[in-house]
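Trainee: Turn this into a structure:
(chains A and B)
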Amino acid sequence: SQTIHQWPATLVQPVGSPLSLECTVEGTSNPNLYWYRQAAGRGLQLLFYSVGIGQISSEVPQNLSASRPQDRQFILSSKKLLLSDSGFYLCAWREKGNTDTQYFGPGTRLTVL
Amino acid sequence: DAKTTQPPSMDCAEGRAANLPCNHSTISGNEYVYWYRQIHSQGPQYIIHGLKNNETNEMASLIITEDRKSSTLILPHATLRDTAVYYCIVRQYSSASKIIFGSGTRLSIRP
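Mentor: Prediction:
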């Protein structure tokens, strides 16, 4: 069966520090991968998605970036965090084909101080 | 993707059926209705989806009206663990498959 992992589970970082969040998927190959962010009390906002290795589409211009160095690995990064980057970061995957169901990871709660 | 309208909050007694409505009056013929839920501090969880026929799985039932302009998610025997925000999403299949989540319905199950 497929599983999706995210780490760390929680993170507290100072403003201006770098960020690296990792997401890995097991049990599937060549999935679509997604990064979402949820600010406190708000809905989910799509940040990036990837249909393959090295292919990244950005939905919202900001100081975050994403990379997909391996088929089942998706990384969210920042060179300098802002206070507004605080939130709950969720990674999701979806099998290619005629199914449109996305499966979400447990999330990383980031607090920028 | 078509826009959806859901009540911001609902409550239901434990053990009773929870019926969550969703309006999607601008849905087009190739768009599916999806339901996800998000329990506090967890990632969203897929529940069910359908095109025009009613669907049932181990978690819930999905009733779609004949004109497809609205649907209802039914949790047949709600438990306290069903307390969550429920999202109704209407979308057509695409290679990128970007889900746009609205504000959903906050369902509270009372003992």
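Trainee: Check B:Asn30 and give its pLDDT.
Mentor: Listed pLDDT for B:Asn30 reads 85.
Trainee: Just give me the residue right at the centre of the chain.
Mentor: This is for chain A. A:Trp35 (3.1 Å; CA atoms, centre = their mean).
Trainee: not what I meant, chain B
Mentor: Nearest to chain B centroid, counting by CA atoms, centre = their mean: B:Trp35, 3.4 Å.
Trainee: Where does chain B get nearest to chain A, residue-wise?
Mentor: B:Gly43 (3.4 Å; CB to the nearest CB). The C-beta positions use only the backbone N, C-alpha and C, and glycine is treated the same way.
Trainee: give me phi/psi at that residue?
Mentor: Here is the backbone geometry of B:Gly43 (degrees, to the nearest 10): phi -70, psi 160.
Trainee: list the contacts for it?
Mentor: Residues in contact with B:Gly43, defined by CB atoms under 8 Å, 6 or more residues apart in numbering or on different chains, are A:90, A:92, A:104-107.
Trainee: for B:Val33, same thing?
Mentor: When contacts are counted by CB under 8 Å, 6+ apart, B:Val33 touches B:22, B:24, B:27, B:49-51, B:62, B:64, B:68, B:71, B:88-90.
Trainee: Just the buried subset of those, please.
Mentor: B:22, B:24, B:27, B:49-50, B:62, B:64, B:68, B:71, B:88-90 (16 or more other CB atoms under 10 Å in any protein chain shown).
Trainee: Among the residues you listed, which are located in strands?
Mentor: Of the buried ones among the contacts of B:Val33, the ones assigned to strands by DSSP state E are B:22, B:49-50, B:62, B:64, B:71, B:88-90.
Trainee: Give me the subset of those residues that also touch chain A.
Mentor: Among these, the ones lying near chain A by CB under 8 Å from any CB of the partner chain are B:His49.
Trainee: Leaving out chain neighbours, which residue sits closest to whichever residue of chain A sits closest to chain B?
Mentor: Using CB to the nearest CB, the single residue of chain A nearest to chain B is A:Phe104, 3.4 Å away. For A:Phe104, ignoring the flanking residues on the chain, the nearest one in space by CB to CB, 6 or more residues apart in numbering or on different chains is B:Gly43 at 3.4 Å.
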